[in-house]
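K.L.:
the sequence and its predicted three-dimensional model are supplied below.
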Amino acid sequence: MTRGRFITFEGGEGAGKSTQLKRLVARLQASGHDVVATREPGGSPGAESIRELVLKGSADRWSPVTETLLMYAARRDHIERVIRPALERGAWVVCDRFADSTRAYQGAAGGTAPDLISALERHILEGTRPDLTLVFDLPPDVGLERAHARAGSEMRFESKGMAFHQRLRDGFQAIAAAEPDRCAMIDATGSLEAVEAQVWAAVSGRLGVDA
Ligand code: Z5A
């Protein structure tokens, strides 16, 4: 059995990841792929319980280091119970946020030491890394406006202030620049159709899928 493919969607608030993830999943399914759509923090029952803890409450409820550990506790459960079994049976796993969000939110924007994050990546991911990461990029004020306009979003991170969100954007850009073979930058400022076209070009071009 060939291992499946692992695609992650990353970027700041309100960048349009969830909207585009649904479109990509529909397109991959229409072309006959077994697709598992999932998200972080969350994606397994235990990780969804941790999501409740980490996304609710005041902006300073958890320190960046505590958040890092909570994100990695959730991620380990998600990997063990959902991501790895799906990849092993040959499915395509499409995940809304993954390890780069910890590097950007808790690391670049929050100040958690890069050494701690690298050690967690090594010991907890144990090689479960994305084949392709789509990094959605747009100015933080545009993303926050979109996120506020949409009902039902969690506000803990959205309420952290513009300087935090600018460091976040810089952090994601740095990740994409450091790993260009894995990461594709997506200009998220365009129309839904324009962004979808960029997503499809990256997935079909880099992973060789037809539709
Ligand atoms: N987090 C972390 O700190 N560390 C970690 O390791 C991980 C996560 C894994 C998850 O929250 C939070 O966890 C997240 C980071 C942190 N921070 N927050 N808050 P979430 O799952 O509730 O939300 P999110 O991941 O940040 O996504 P989002 O804010 O929901 O945004 P989005 O998924 O990128 O966007 P969207 O929901 O698809 O679109 C937002 C709105 O814009 C919506 O009304 C759309 O209709 C509209 N939209 C979308 N695309 C367009 C275009 N192209 N033009 C105009 N309008 C658009």
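P.N.:
All right, it came through fine.
K.L.:
the helix or strand of the chain at the bottom of the mean pLDDT ranking near the ligand at all?
P.N.:
Least confident helix or strand of the chain, by mean pLDDT, DSSP states H and E, is helix 140-149 with a mean of 89. Yes - on the criterion Cβ under 6 Å from any ligand atom, helix 140-149 is in touch with the ligand at 146, 147, 149. In this view, the C-beta of every residue, glycine as well, is placed from N, C-alpha and C.
K.L.:
I'd like those laid out as a markdown table, including neighbour count.
P.N.:
A markdown table is the format used below for the residues of helix 140-149 next to the ligand (neighbours: other Cβ atoms under 10 Å):
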| residue | neighbour count |
| --- | --- |
| 146 | 17 |
| 147 | 17 |
| 149 | 9 |
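K.L.:
for residue 206, state which of those residues is nearest.
P.N.:
Of all these, residue 206 sits closest to residue 146, with 26.7 Å by Cβ to Cβ.
K.L.:
go ahead and confirm that closest one touches residue 14.
P.N.:
Yes - contact criterion Cβ atoms under 8 Å: residue 146 and residue 14 qualify, at 3.5 Å.
K.L.:
quick one, strands of the chain?
P.N.:
Using DSSP state E, the strands found in the chain span residues 6-11, 35-39, 92-96, 132-137, 183-187.
K.L.:
which positions in the second one come out as buried?
P.N.:
It stands for strand 35-39. 35, 36, 37, 38, 39 (16 or more other Cβ atoms under 10 Å).
K.L.:
now do it against strand 92-96, angle only.
P.N.:
Angle, strand 35-39 to strand 92-96, by axes from the mean of the first three to the mean of the last three Cα atoms, to 10 degrees: 20 degrees.
K.L.:
residues in contact with strand 35-39?
P.N.:
Residues outside strand 35-39 that contact it (Cβ atoms under 8 Å, 6 or more residues apart in numbering): 21-22, 25, 28-29, 78, 82-83, 86, 91-97.
K.L.:
how about the residues of the chain near the ligand?
P.N.:
Residues of the chain lying close to the ligand (Cβ under 6 Å from any ligand atom) are 13-19, 40-41, 55, 71, 96-97, 101-102, 105-106, 146-147, 149-150, 153-154, 157-158, 191-192, 195.
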